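Chemist: only geometry, no sequence info:
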């Protein structure tokens, strides 16, 4: 059965929150506008989180399907983006937990009994790809992949998705101070790793 349409609405001018409220009334045009606004953002976020274009597209599709089926769970008291990013990040975490054969080589300089801040996957800098991997973005993504997940998610949300600290706090369900400290530590870890693995050619 087709959803209801409202010919009097200019969907481009509606806020995200107004769109999801219209979609809760079964207006499929409102859903289509949400997909248009968020598809690239969510796929980019998930790509940074999983480092796989195929996996990011699959998880994004699942996130929009979850949104479609669970639209009535959204409540007007919060931002739509916070609610939707929470869906996407939870799906990504579940996906990564189920991935197998994930081998790592630790480059952690701290006590072995302490929680690792970051670790490099076994194929971060493979000898046969090093010569061809001179693109800076390649190394940045590899460094992001190697971050401890507690730093990875907040760094991506802040520095790539450009969400504010308060929204990240709500998405991750972490105190604001914890969010800020993890972002700072995550940035430090990225800087340390990039100094080790990325050495641009001297001109």
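Modeler: Cool, got the structure. In this text, all values refer to a predicted model and were calculated from it rather than measured experimentally.

Chemist: Would you map out the domains in the chain?
Modeler: For the chain, the structural domains run 11-98, 104-197, going by automatic domain parsing.

Chemist: Dump those domains to a markdown table, plus mean pLDDT.
Modeler: Listed next are the domains of the chain as a markdown table, based on pLDDT from 0 to 100:
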| stretch | mean pLDDT |
| --- | --- |
| domain 11-98 | 93 |
| domain 104-197 | 75 |
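
Chemist: Please tabulate those in TSV and include mean neighbour count as additional columns.
Modeler: Where you see a C-beta, it was placed from the backbone N, CA and C, and this is true even at glycine. Formatted as TSV, the domains of the chain follow (neighbours: other CB atoms under 10 Å):
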stretch	mean neighbour count
domain 11-98	17
domain 104-197	15
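
Chemist: quick one: the residue nearest the centre of the chain and residue 153, what's the gap?
Modeler: Nearest residue to the geometric centre of the chain (CA atoms, centre = their mean): residue 45, 3.4 Å. According to CB to CB, to the nearest Å, residue 45 and residue 153 sit 9 Å apart.

Chemist: wait, what's in contact with the residue nearest to the centre of the chain?
Modeler: 85, 88, 156-157, 160-161 (CB atoms under 8 Å, 6 or more residues apart in numbering).

Chemist: Let's see that with 7 Å instead.
Modeler: 88, 156, 160-161 (CB atoms under 7 Å, 6 or more residues apart in numbering).

Chemist: which two in these are spaced the farthest apart?
Modeler: 88 and 160 (13.3 Å; CB to CB).

Chemist: Residue 152 and residue 144 touch, don't they?
Modeler: Yes - using CB atoms under 7 Å, residue 152 is in contact with residue 144, at 6.2 Å.

Chemist: Can you check which residues contact both of these two?
Modeler: Common neighbours of residue 152 and residue 144 (CB under 7 Å, 6+ apart) do not exist.
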